[in-house]
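Trainee: Got a sequence here, can you model it:
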Amino acid sequence: MNSVCVVTGISAGIGKAAAVALAQRGVQVVGVVRNAERGRAAVQEIRDRVPAAEVDLLVADLSVLDEVRQLAEQIHSRYDHLDVLLHNAGVALYRRETTVDGYERMFATNHLAPYLLSRLLIDRLEAAGSKPARVISVSSQAHRQVRRIPWDDLQSERSYSAIRAYNLSKLANVLFVRALAERLDRQAVVANAVSPGFVRTELNRGATVPFRIFFTLVRPLQRNPETGADTPVWAATSPQAAAVTGSYFEKRRPAKTNPLASDRDAAERMWVASAELCGLTP
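Mentor: Residues are numbered from 1 along each chain as shown. The predicted structure is shown next:
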């Protein structure tokens, strides 16, 4: 069977760079985008760069749970197995926004979407042609900045800070793979989180003036998307990464996490809370 990799957020940045790198390795890429026009342009660019690329395109707004469910149904209808599920899509917002489900948009897009999509596609991952299949969540070094998990305010309704909300969503990514790894047969599916580093992408295109000034000043320090995609692609393809589960990587190496990310009770509590928000049983 051909190796099949779902990559969310391929229209630009790390996602597009990862799709190119995977296509160069002969992997069939199933790219997920929110905007169909930008997605088609990205697919054309990938095919221009890798003429033999096999790229499928699916459209879904991952902040909307019903669209995540519909995406899972489309994948089920088209593919009898998945070798890799690479959760790359994410947002950084500077004012609090809510989704149609009533959830804070960063938490919904960056965490609940990967959580729900993974749970809905476990059967396809367990049917992978190569063993083990892999679930990879693109987190961030920013997850280490969280000092306390606001269990009574995960949606930032009482108090909102763009930085705190983003960092919390990235910590949730690490907690998610830890809890998922506990539930899976590591011979069948492994789950890990990765950091791409400080990358120059479109993630901060909606930044407020002070943040735009900051990102302009630090631009020379930022990595390009191709460099940022290196560790996610390594986690998706390397034999070394297939031997590890429930871990967090930076620059292809296991890296220090927030102490909260190592708390098994916190991982379990986030899993249960996420299940309830997604309408699933834990």
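Trainee: Now L168: closest residue in space, sequence neighbours ignored.
Mentor: Distance criterion Cβ to Cβ, 6 or more residues apart in numbering; nearest residue to L168, sequence neighbours excluded, is V146 at 5.7 Å. All C-beta spots, glycine's among them, are computed from the backbone N, C-alpha and C.
Trainee: Was I right to think the one you found contacts A172?
Mentor: No - V146 lies out of contact with A172 (Cβ atoms under 8 Å); the separation is 9.3 Å.
Trainee: ok but R158 is inside a strand, no?
Mentor: No - judged by DSSP: H, G, I helix; E, B strand; the rest coil, R158 forms no part of a strand; its state is coil.
Trainee: ok now do it, which residues does it touch?
Mentor: R158 makes contact with D152, according to Cβ atoms under 8 Å, 6 or more residues apart in numbering.
Trainee: thinking again about what came up before, out of V146 and A172, which sits in the busier spot?
Mentor: More crowded of V146 and A172, by other Cβ atoms under 10 Å: A172, with 29 against 19.
Trainee: What's the per-residue pLDDT of that one here?
Mentor: At A172, the pLDDT value in this model is 98.
Trainee: show me the contacts for it.
Mentor: Applying Cβ under 8 Å, 6+ apart, one finds that A172 lies in contact with 107, 110-111, 270, 274.
Trainee: Which of those sits closest to S11?
Mentor: Within those, proximity to S11 (Cβ to Cβ) peaks at N110, which comes in at 16.4 Å.
Trainee: distance of the residue nearest to L168 from P51?
Mentor: Separation of V146 from P51 (Cβ to Cβ, to the nearest Å) stands at 44 Å.
Trainee: Could I get the pLDDT score of G279?
Mentor: Note for G279: predicted pLDDT of 98.
Trainee: any idea how far V68 is from V100?
Mentor: As judged by Cβ to Cβ, V100 and V68 stand 12 Å apart.
Trainee: Report the beta-bridge partners for the residue positioned nearest the centre of the chain.
Mentor: The C-alpha lying nearest the average C-alpha coordinate of the chain belongs to H87 (Cα atoms, centre = their mean; 2.5 Å). Under the criterion DSSP bridges, H87 forms beta bridges with S137.
Trainee: Mind pulling up the pLDDT for it?
Mentor: Among the per-residue scores, H87 shows a pLDDT of 98.
Trainee: For it, give me its contacts.
Mentor: Each residue near H87 by Cβ under 8 Å, 6+ apart is listed here: 8, 113-114, 117-118, 135-138, 173.
Trainee: from those residues, which ones fall inside helices?
Mentor: By the criterion of DSSP state H, membership of the contacts of H87 in helices covers 113-114, 117-118, 173.
Trainee: Name the next helix or strand following the worst-scoring helix or strand of the chain on mean pLDDT along the chain.
Mentor: Here the helix or strand of the chain ranked lowest by mean pLDDT, DSSP states H and E is helix 209-218, holding a mean of 50. On the C-terminal side of helix 209-218, the closest following helix or strand by DSSP states H and E is helix 225-228.
Trainee: what about the next helix or strand after that following helix, average pLDDT?
Mentor: Scanning forward in sequence from helix 225-228 by DSSP H and E, the next helix or strand is helix 230-237. Helix 230-237 shows a mean pLDDT of 98.
Trainee: Run through the neighbouring helices and strands of helix 230-237.
Mentor: The criterion is 3 or more Cβ pairs under 8 Å, 6 or more residues apart in numbering; DSSP states H and E, and the helices and strands that helix 230-237 contacts are helix 13-24, strand 84-87, strand 133-138, strand 189-195, strand 247-250.
Trainee: Quick check: buried residues in the next helix or strand after it?
Mentor: Scanning forward in sequence from helix 230-237, with DSSP H and E defining helices and strands, the next element found is helix 239-242. Buried residues in helix 239-242, defined by neighbour count with 16 or more other Cβ atoms under 10 Å: 241-242.
Trainee: my read: S140 touches V174, true?
Mentor: No - using Cβ under 8 Å, S140 is not in contact with V174; the gap is 9.4 Å.
Trainee: From D265, how far off is L277?
Mentor: From L277 across to D265, the span is 19 Å (Cβ to Cβ).
Trainee: Comparing the two, which residue is more hemmed in?
Mentor: Taking neighbours as other Cβ under 10 Å, L277 and D265 compare with L277 leading, 20 against 7.
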